[in-house]
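Chemist: sequence-free structure coming up:
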């Protein structure tokens, strides 16, 4: 079954790049609506930005969506990952500006709000995108691919010169609350020199040690250190979870990322959908529903994370 919220939920935070306060509201939506952002600061005729491949705009620092009127919303990946991981199919996201708040740099605060809003089943079967053929995109030493699989799996590999990060690999079957247990608390990360460069160019103005893991010459500068020893690679998997939900459907297939980022994952999704032979959209029967990320997810899964 498709799911939406039981009640509204308001979230207030700061935009990572703008540094400005942002208010958004999670609202229920009818079956088959999908996920939509509504820019409440714009005229009614221009404000709706659907979460769909047609809305995707290539960007390197975050995931950006744009409608036919040129209205944009950015930094959507952590919220989309939370919706994907909790099994939310239909939602209206009202927002009073062009950027989703960064909160603590992970998806956990969004998950908390989603669970507090509650979920209700709707009288329509959930639809699933099943990968039928392998598709790959690459740029330099970075690559991303989707291949057929019996479940929804994510595998990722990163390699950074800073010894506090280094080379990390991880893979998970994302069924049955795995996102909440394994990925949702993992924060965005960066090198201090990159933060300084971005801020000098008017970006990451809302970035602090409280909403990102900042590394510098083998040290973790953020208070409290890492939440998990391999938090960086897990956060990359979290990002992929959100970026893939731009498809508008949960997915059955295996995503593999090697030093990939938002832009490459977005290109991969575009390449997959460019050829109808690469995929199919199917109604999820009970056996298939048990393989999806949000099936059975609850606050108990968050308490199991470590």
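Modeler: Great, that's in hand. Worth saying up front: this structure is predicted, and the values here are computed from it rather than measured.

Chemist: which one is residue 46 nearest to, not counting chain neighbours?
Modeler: Nearest non-adjacent residue to residue 46, counting by CB to CB, 6 or more residues apart in numbering: residue 69, 4.2 Å away. Where you see a C-beta, it was placed from the backbone N, CA and C, and this is true even at glycine.

Chemist: mind checking the SS state of the one you found?
Modeler: coil (DSSP: H, G, I helix; E, B strand; the rest coil).

Chemist: quick check: it vs residue 43, distance?
Modeler: 9 Å (CB to CB, to the nearest Å).

Chemist: more neighbours: these two, which one.
Modeler: Using other CB atoms under 10 Å, the more surrounded residue of residue 69 and residue 43 is residue 69, with 14 against 9.

Chemist: for residue 59, helix, strand, or coil?
Modeler: coil.

Chemist: that one: what's it in contact with?
Modeler: By CB atoms under 8 Å, 6 or more residues apart in numbering, residue 59 lies in contact with 74, 262, 263.

Chemist: looking at those residues, which are in helices?
Modeler: Cross-referencing these against helices under DSSP state H gives 262, 263.

Chemist: so which of the contacts of residue 59 comes closest to residue 95?
Modeler: residue 74 (10.5 Å; CB to CB).

Chemist: wait, the closest one touches residue 64, no?
Modeler: Yes: when contacts are counted by CB atoms under 8 Å, residue 74 is listed as touching residue 64 (4.5 Å).

Chemist: residue ranges of the helices in the stretch 51-200 of the chain, please?
Modeler: 77-86, 108-117, 178-182, 192-200 (DSSP state H, counting those that start in this stretch).

Chemist: now residue 277: how far from residue 132?
Modeler: 7 Å.

Chemist: more neighbours, these two?
Modeler: Shown here are residue 277 and residue 132; by other CB under 10 Å, residue 132 has more neighbours (18 against 7).

Chemist: which ones are touching that one?
Modeler: Applying CB under 8 Å, 6+ apart, the residues near residue 132 are 148, 277, 278, 279, 280.

Chemist: residues contacting the third one?
Modeler: For residue 278, the contacting residues are 131, 132, 133, 135, 272, by CB under 8 Å, 6+ apart.

Chemist: one more time with 10 Å
Modeler: By CB atoms under 10 Å, 6 or more residues apart in numbering, the residues touching residue 278 are 129, 131, 132, 133, 134, 135, 146, 148, 253, 271, 272.

Chemist: closest to residue 14 out of the helices of the stretch 51-200 of the chain?
Modeler: Nearest to residue 14 among the helices of the stretch 51-200 of the chain is helix 108-117 (12.1 Å), distances taken as CB to CB.

Chemist: the closest one versus helix 77-86: what angle between them?
Modeler: Here helix 108-117 runs at an angle of 50 degrees relative to helix 77-86 (axes from the mean of the first three to the mean of the last three CA atoms, to 10 degrees).

Chemist: how far off centre is helix 108-117?
Modeler: Taking CA atoms, centre = their mean, to the nearest Å, one finds the center of helix 108-117 at 14 Å from the center of the full chain.

Chemist: that helix - contacts with which helices or strands?
Modeler: strand 3-5, strand 9-14, strand 21-27, helix 77-86, helix 178-182, helix 299-304 (3 or more CB pairs under 10 Å, 6 or more residues apart in numbering; DSSP states H and E).

Chemist: most tightly surrounded among the helices of the stretch 51-200 of the chain?
Modeler: Mean neighbour count (mean count of other CB atoms under 10 Å) peaks for helix 77-86 among these, with a mean of 28.

Chemist: and stretch 190-197, average pLDDT?
Modeler: For stretch 190-197, mean pLDDT rounds to 80.

Chemist: gap between the residue of the chain most remote from its centre and residue 209?
Modeler: Computed with CA atoms, centre = their mean, the maximum C-alpha offset from the centroid of the chain is found at residue 217, amounting to 28.5 Å. Separation of residue 217 from residue 209 (CB to CB): 16 Å.

Chemist: wait, what's in contact with residue 53?
Modeler: Contacts for residue 53 were tallied using CB under 10 Å, 6+ apart; they are 65, 246, 247, 248, 266, 269, 270, 272, 273, 274.

Chemist: can we see that at 6 Å?
Modeler: residue 273 (CB atoms under 6 Å, 6 or more residues apart in numbering).

Chemist: swap in residue 209?
Modeler: 221, 222.

Chemist: output the below-cut-off pLDDT ranges for the chain.
Modeler: For the chain, applying pLDDT under 70 flags the ranges 198, 201, 203-205, 296-299, 301-306.

Chemist: quick one, domains of it?
Modeler: 3-121, 127-304 (automatic domain parsing).

Chemist: okay, the helices of the stretch 51-200 of the chain in TSV with distance to residue 242 next?
Modeler: Converted to TSV, the helices of the stretch 51-200 of the chain look like this (distance: least, CB to CB, whole Å):
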stretch	distance to residue 242
helix 77-86	3
helix 108-117	10
helix 178-182	10
helix 192-200	20
